[in-house]
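Colleague: got a sequence here, can you model it:
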Amino acid sequence: MPLWTWVGLKAGKATTAWPGRGADGQEGVYGMPRLDATRCQPDCIGCAAHCPTGAISAAPRVALDYGHCIACQACVEACPAGALQTSSDWAFAVRDRDDLVWREDGRPGAPTRPAPATGTFAKSLHIRHIDAGSCNGCESELAALNNPFYNLHRLGIFFTPSPRFADVLLVTGPVVEAMRAPLLAAYAAMPEPRFVVATGTCAVSGAPFAAGYGGGGGVSPLIPVDVWLPGCPPNPAALIQALLVLQGRMPVRVRGGRYEP
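Modeller: Take a look at the predicted model:
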């Protein structure tokens, strides 16, 4: 018996049973910061002043847009009152962009759209990934989807090299000028019905690159987006959750900027 076969049999099954049960592989990691505006001090703008992407504004009222957040934790470190705290909240995939905006009055955003009518794709998806100017952070997390622990294929989700065979266009990067035409060409080549996932904060909003000479404003100015997934980068479990949200196999956990465990 070859040595690698014996080692594999001895080690046993490495793939997690998540999301049905078991570990998601993200225990103890930092997620998006949580905000408790009731603890904010009057006239304090420390968090907004230290946010590198403009995700937080403090006047006249505190506001937080997770679509611009890169989870750097700078706001947590700068907050003198503990209004911003670290968390392990990572499942931030939403179907409505407004749900990524935290509202002080606690009102939800626009009514969440139902899952797209994936029909025959409800348990099988083929993905075409487009790198539209990413720093390669999201690509590192995407590569982990096919490792033994996550084993994306077990969920009936596969990557394809051609947009003509794809159901989903998964876009990373802020969509720099040089990638606008290739992105539009890939989207046009996809058969109907077709779906788009804006993956990573820069694909959601362009942050933190939107202000740069070569930066872009994200995916939505060019093509319609079905699922928004911020993060810098979103981890493998978040990527899986976003795809299952698209299929209606997992619930949206963020409404009105508030995370629902």
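Colleague: what's the burial count for the nearest residue to residue 219 once chain neighbours are set aside?
Modeller: Closest residue to residue 219 apart from its sequence neighbours, by Cβ to Cβ, 6 or more residues apart in numbering: residue 198 at 4.3 Å. Any C-beta I mention is one placed from the backbone N, CA and C, and that applies to glycine too. The tally of other residues near residue 198 (other Cβ atoms under 10 Å) stands at 29.
Colleague: right, and residue 128 touches residue 168 too?
Modeller: Yes - the pair residue 128 and residue 168 passes the contact test of Cβ atoms under 8 Å, sitting 7.2 Å apart.
Colleague: more crowded one of the two?
Modeller: residue 168 (27 against 22).
Colleague: which parts of the stretch 151-261 of the chain are helices?
Modeller: Taking DSSP state H, counting those that start in this stretch, the helices of the stretch 151-261 of the chain run over residues 177-189, 201-205, 236-247.
Colleague: most tightly surrounded among the ones you listed?
Modeller: Of the helices of the stretch 151-261 of the chain, the one with the most neighbours on average (mean count of other Cβ atoms under 10 Å) is helix 201-205, at a mean of 31.
Colleague: just the CA trace of that helix, in PDB.
Modeller: Presented in PDB, the C-alpha positions along helix 201-205 are these (Å, rounded to 0.1, in the frame of the first residue of the first chain):
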ATOM      1  CA  THR A 201     -15.200  45.200   0.200                       C
ATOM      2  CA  CYS A 202     -13.500  46.600  -2.900                       C
ATOM      3  CA  ALA A 203     -15.900  44.800  -5.200                       C
ATOM      4  CA  VAL A 204     -18.800  46.000  -3.100                       C
ATOM      5  CA  SER A 205     -17.900  49.700  -2.900                       C
END
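Colleague: reformat the helices of the stretch 151-261 of the chain as a markdown table; add distance to residue 14.
Modeller: Below are the helices of the stretch 151-261 of the chain laid out as a markdown table (distance: least, Cβ to Cβ, whole Å):
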| stretch | distance to residue 14 |
| --- | --- |
| helix 177-189 | 33 |
| helix 201-205 | 30 |
| helix 236-247 | 14 |
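Colleague: do you know which of these lies nearest residue 30?
Modeller: helix 236-247 (12.4 Å; Cβ to Cβ).
Colleague: that closest one - contacts with which helices or strands?
Modeller: In terms of contacts (3 or more Cβ pairs under 8 Å, 6 or more residues apart in numbering; DSSP states H and E), helix 236-247 is packed against strand 125-131, helix 137-143, strand 195-199, strand 227-229.
Colleague: give me every residue that touches residue 261.
Modeller: Neighbouring residues of residue 261 by Cβ atoms under 8 Å, 6 or more residues apart in numbering: 89, 253.
Colleague: state the distance from it to residue 83.
Modeller: 20 Å (Cβ to Cβ, to the nearest Å).
Colleague: with residue 189 instead?
Modeller: Remark: distance between residue 189 and residue 83 (Cβ to Cβ) = 47 Å.
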